[in-house]
Every structure is written in structure tokens, then in C-alpha cells.
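**Q** All I have is the shape, not the residue letters:
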Ligand code: FAD
């Protein structure tokens, strides 16, 4: 007998499980179909495991800097136990995984373990949308829903011509399972994932080289963010080549690791060698093998096409959310899209934030975070731009913490006074950006954020002071 439900969610990552919970809370019957593990990329290969390793790196770096806080340790007192760090990471993931399974039970959401494929009109339904599931145990099941939410995520984009073995040449999925720390690494791609790995491994003492084809690290962020992060990584010994592309055909595996050549636009070539190579050059949607050809769901450049306001695909009862639709590929973006889709599906008016108003976070040391327009993009859009930028070293808390690297920058519309963007580099930037996100939601102007009483001494004063600085009224700068 097929399983008949109101909503079938294809994929159990942050987008999928959030959609399932929201739909269940609205009183709908829900099935989640997941071919691997509930929690998806974020829990098993992304946000959580990578942040766990980054936290270990931060602790190690702080111990290495103990003398600057007046604490003397015997020479060589700290060492890295890579296996113990992996065990810590795995136990955090396991704890959250169990929590997620309990959440599904609590909301009476059935989880079907298998790979789902949408079928066209059939004996089960006159319209497309029934899902044939190849169960993990080899059996088959059919789910017949009134609505479908596709949340199948994305996977690492691979460069053609490289022999990935998961060890010497790896994507971020495989690198998370490395059983030892490399002594040297070549990171191809200086976006968020590349920068996070560079920060983490350099803190552990790995010799890191980053190769980025664009003219700067983190090329989609405000220029000042890429420049500051590059400056701070270089201070730690990271070698950064921007404006160069690796020539995959030149790649050689040797006993010492990997050798490859990279070429700049002008033709200059540099030879690079490292024990291992991490390729972090973007992600592509999991849109194949979903049976989309049996529907009017269309794809564009590898991602599912949606109505941006409602998240409906070419079929009004089939929605798509999360990494498989491209755009901002972050867990909280997927969760927001899940809420939006279910609002629409349940007959409510959805309100989806613009992509640029989703906070973007980089968990390097120090962190970086941003929301809204970059200064460059705002100018290109024709805004009359006013900016204020303050270094974190003006803050008492930054000095007390020994975390004074970085800055806070605000971009405002000079004509209306509206807040256009906030760009942060510094300790806890990924926490501080939430205030700017709230400001965007309630349409607060910079003066209102500056007028808000912020506790002293805290890093949050960076936000207050920079907002006030826009009007020439910062208290400490
Ligand atoms: P996914 O989490 O990818 O889940 C999709 C699920 O669908 C998977 O479990 C998959 O098995 C399943 N699936 C696919 N096809 C089928 C099928 N046919 N049948 C059944 N199941 C199927 N984001 C942040 O916000 N913060 C971070 O710190 C962060 N760090 C990251 C670090 C790394 C190294 C990486 C790779 C990503 C990181 N991300 C981070 C991004 C984040 O992980 C994704 O944006 C998020 O997981 C997307 O959620 P999703 O539900 O769209 O897809």
C-alpha cells in the first residue's frame, strides 16, 4: 500500500527537516525521504563538523598565545591529538543526530530511508508528484503526497582532470574524514570553505597555500573583508596566490604528495607542491536522478528553478528549497526557505527575505560576517553611499580578550539614511551579525541601532559605535 500524506519532503537536511516540522506544526501529515542520514550536509559534512575542528584549532592557538595573557606553560606543553579531535567532532554530530531523530518522532513525522524519485501521472495520482522510493534495505515503497518539497541539497563541485583519491586530492567531504593532519596543503579555491580550512590548518601548524582564480579571497564579499582576512592569514604564514588558476592537466601525484602548476591571466606560471590538496571550488545541486523529467520542474545551470516569492517550481504543488535551488547556500537560508514554502503551501502569505539580507558567515580565526549590499555592489546599483569603518582595537573588550584584529563597516544610503550593508571581521562576528539581521527585518536605520543601549564592555559595541560613526557621533573613535 502506498503511503498517502499531505506533504512529502525529499531530503532530510536543514531545509528538509525544517519544512517537515513546520508542516507538521500546521497539522499536516508528513513523510521525509532521506537516502543517507537526517541532518544532511550541514550536520554530517558541513557546518557542525567543520566548526568543531575550527573550535579545536582556536583553543590550540589560544594556548600557544598563553604567555601574552601572563600564563607560562612549559615548552611543548600543548600538542595536537587529531584522533581525539575527530572523536569530539563525531560525538557532537551524533548527539545532534539523535536530537533530530527525536524531533521527527515528537512531531509524528515518518522518515523513510531510501532514495526518492518523482514519477509522472500514474495509477497513484493523475498529476506528477508521487515518489518511488528505493529503500536502503533494497525494497521499494511509494509515497503519494498532495504536495512535494524538494530539498536534496548540493555536493562539492569537482575540477575535471584531477584524480581524486580522497587522501592526497580531496573535497571538503573527504577532508573531514582525514585520519591525520597534513604537514602542508594546497587549497584550491579561496571562498568560504577554503578560507575556513586554511585558518584551521594553519592554526595547527600546517603550511597552507591558497590558490584563488579571482583577484581576492572571498570574492563575493565586500573588498575590505577579503583584504583583511588575507592580511591576517598571511601574518600566520599562509601563502596566498590570487588571480591564478590551477592547470589540472599539470597535476602529478608523487611520494611527497601533489604537484601542480597555476597560471595567472598574464601567462606567468607558478609551480606548487604540498602533501595534500583540498579542492573547494563551489557546489552543484543534487538535481539528477530525481525524476524531474517526469514533471514540469525545470533546472537552470544545475539548480532547480523556482518562483522566488513562493518557492514553487514549474508545478504549483512541488516546491524546492535549500542548496538545490542555488543562491545563498547556507543552512539558515535553507531553513528560511523551508518556512517560506510551508507558509505558502498552508495558504498563508509568505515573506521571503532577499538573498542579500541573509547573513553570510565565515568561521575562520578571526571570523567574518556580512549582510546586505557590499560597498561595491551598492555603488554599482546607483546608491549614493555613505560608509563608516572602525577598527576593533578601539573596543575595551577586544583588548581584554586579546582579540583586537578586524573591523566593523557600515554601508548606508546617503540619500535616505537607510542601512544597506554591514561587514564585520573579528572575534564573534558571526554572533554580532544577528543584530544587523534584526535591524534589516524591522527596517531600523543606523541611528536607531547606535541609539540602542549596548552593554559595556562587549564586542557588540562595535556595531553601536560604527552606526554612530556614520553620523559623526561615535563615542570612542
Ligand atoms: P543538504 O543539507 O545537503 O541535505 C540534502 C539531503 O538530501 C541530504 O541528506 C541528501 O542525502 C538528501 N538527498 C539528496 N537526494 C536525495 C534523494 N533522491 N532521495 C532522498 N534523499 C536525497 N552553512 C551554514 O549556514 N553555516 C556553516 O557554518 C556552514 N558550513 C559549511 C561547511 C562545509 C564544509 C560545507 C560543505 C557546507 C557548509 N554550510 C554551512 C552549508 C550548509 O551545509 C548547507 O547550506 C545546508 O546543508 C543546505 O541544506 P539543504 O537541506 O538544502 O541540503
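**A** Done, it's in. All of these numbers come straight from a predicted model, not from anything done at the bench. Numbering: from 1, shown residues only.
**Q** Would you map the strands across the stretch 301-450 of the chain?
**A** For the stretch 301-450 of the chain, the strands defined by DSSP state E, counting those that start in this stretch occupy 303-304, 318-320, 360-362, 368-372, 385-391, 407-413, 419-425.
**Q** I'd like a version of these in JSON lines, one that adds distance to the ligand and mean pLDDT as further columns.
**A** C-beta here means a position set from N, CA and C on the backbone, and glycine is covered the same way. JSON lines is the format used below for the strands of the stretch 301-450 of the chain (distance: least, C-beta to the nearest ligand atom, whole Å; pLDDT from 0 to 100):
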{"stretch": "strand 303-304", "distance to the ligand": "11", "mean pLDDT": "98"}
{"stretch": "strand 318-320", "distance to the ligand": "9", "mean pLDDT": "98"}
{"stretch": "strand 360-362", "distance to the ligand": "6", "mean pLDDT": "98"}
{"stretch": "strand 368-372", "distance to the ligand": "11", "mean pLDDT": "98"}
{"stretch": "strand 385-391", "distance to the ligand": "25", "mean pLDDT": "97"}
{"stretch": "strand 407-413", "distance to the ligand": "21", "mean pLDDT": "98"}
{"stretch": "strand 419-425", "distance to the ligand": "15", "mean pLDDT": "98"}
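**Q** So, low pLDDT: which residues of the stretch 301-450 of the chain?
**A** Of all residues in the stretch 301-450 of the chain, none has pLDDT under 70.
**Q** What parts of it come near the ligand?
**A** Within the stretch 301-450 of the chain, the positions adjacent to the ligand are 322, 323, 329, 330, 331, 332, 334, 363 by C-beta under 6 Å from any ligand atom.
**Q** thought the third one was touching residue 283?
**A** Which is residue 329. Yes: between residue 329 and residue 283 there is a contact at 5.9 Å, judged by C-beta atoms under 8 Å.
**Q** which neighbours do those two share?
**A** 154, 323 (C-beta atoms under 8 Å, 6 or more residues apart in numbering).
**Q** sorry, back to before: could I get the strands of the stretch 301-450 of the chain in TSV, plus columns for mean neighbour count?
**A** Below are these laid out as TSV (neighbours: other C-beta atoms under 10 Å):
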stretch	mean neighbour count
strand 303-304	23
strand 318-320	29
strand 360-362	23
strand 368-372	26
strand 385-391	19
strand 407-413	24
strand 419-425	28
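**Q** Residue 177: neighbour count?
**A** 12 (other C-beta atoms under 10 Å).
**Q** before we move on, what about residue 414?
**A** Close neighbours of residue 414, defined as other C-beta under 10 Å, add up to 13.
**Q** Equivalent analysis for residue 114, please.
**A** 20.
**Q** hmm, the one helix or strand it maps to in reach of the ligand?
**A** Assigned by DSSP states H and E, residue 114 belongs to strand 110-118. Yes: judged by C-beta under 6 Å from any ligand atom, strand 110-118 and the ligand are in contact via 115, 116.
**Q** Tell me the strands beside that strand, with direction?
**A** Neighbouring strands of strand 110-118 in its sheet, by DSSP bridges, are strand 30-34 (parallel), strand 131-135 (antiparallel).
**Q** Just give me how far the last one sits from the chain centre.
**A** Averaged C-alpha coordinates place strand 131-135 at 29 Å from its chain's average position (C-alpha atoms, centre = their mean, to the nearest Å).
**Q** Can you give me the buried ones in it?
**A** For strand 131-135, burial by neighbour count (16 or more other C-beta atoms under 10 Å) applies to 131, 132, 133.
**Q** which of those residues lies closest to the ligand?
**A** Ranked by distance to the ligand (C-beta to the nearest ligand atom), the buried residues of strand 131-135 are led by residue 133 at 7.5 Å.
**Q** Go ahead and confirm the closest one touches residue 143.
**A** Yes: counting by C-beta under 8 Å, residue 133 touches residue 143, with 6.2 Å between them.
**Q** and the nearest residue to residue 342 once chain neighbours are set aside, what does it touch?
**A** Leaving aside its sequence neighbours, residue 342 sits nearest to residue 22 (C-beta to C-beta, 6 or more residues apart in numbering; 4.0 Å). By C-beta under 8 Å, 6+ apart, residue 22 lies in contact with 338, 339, 342, 343.
**Q** for those, which one is nearest the ligand?
**A** residue 338 (7.9 Å).
**Q** roughly how far apart are that closest one and residue 240?
**A** Per C-beta to C-beta, to the nearest Å, residue 338 is found 37 Å from residue 240.
**Q** Check residue 301 too.
**A** Distance from residue 301 to residue 240, by C-beta to C-beta: 29 Å.
**Q** can you check residue 183 too?
**A** Distance of residue 183 to residue 240, computed by C-beta to C-beta: 19 Å.
**Q** Just want to know which of these two has more residues nearby.
**A** A direct count of neighbours by other C-beta under 10 Å for residue 183 and residue 240 places residue 240 higher, at 20 against 14.
**Q** Remind me which helix or strand that one belongs to.
**A** Secondary structure from DSSP H and E places residue 240 in strand 239-242.
**Q** Quickly list what's touching both of residue 133 and residue 143.
**A** Each of 33, 112, 116 lies in contact with both residue 133 and residue 143 under the rule C-beta under 8 Å, 6+ apart.
**Q** give me the number of residues near the closest residue to the first one other than its chain neighbours?
**A** Nearest in space to residue 33, with sequence neighbours left out and distances taken as C-beta to C-beta, 6+ apart, is residue 116 at 4.0 Å. By other C-beta under 10 Å, the residues close to residue 116 number 28.
**Q** From residue 171, how far out is residue 116?
**A** The value you get for residue 116 to residue 171, if C-beta to C-beta is used, is 24 Å.
**Q** swap in residue 453?
**A** 46 Å.
**Q** ok, now residue 188?
**A** Distance, residue 188 to residue 171, using C-beta to C-beta: 10 Å.
**Q** Return every residue with contacts to both of those two.
**A** Joint contacts of residue 188 and residue 171 (C-beta under 8 Å, 6+ apart) are 278, 279, 280.
**Q** Verify the stated contact: the last one with residue 189.
**A** Yes: in this structure, residue 280 is within contact of residue 189 by C-beta under 8 Å, at 4.0 Å.
**Q** Keep only those of the shared contacts of residue 188 and residue 171 that are in strands.
**A** If you go by DSSP state E, the shared contacts of residue 188 and residue 171 have 278, 279 in strands.
**Q** Nearest residue to residue 271 in space, ignoring adjacent ones along the chain?
**A** Nearest non-adjacent residue to residue 271 (C-beta to C-beta, 6+ apart): residue 261, at 5.4 Å.
**Q** Near the one you found, how many other residues are there?
**A** 17.
**Q** quick one, phi/psi of the residue most central in space within the chain?
**A** Closest residue to the average C-alpha location of the chain: residue 330 at 4.1 Å, with C-alpha atoms, centre = their mean. Per-residue torsions, residue 330: phi -130, psi 150 (degrees, to the nearest 10).
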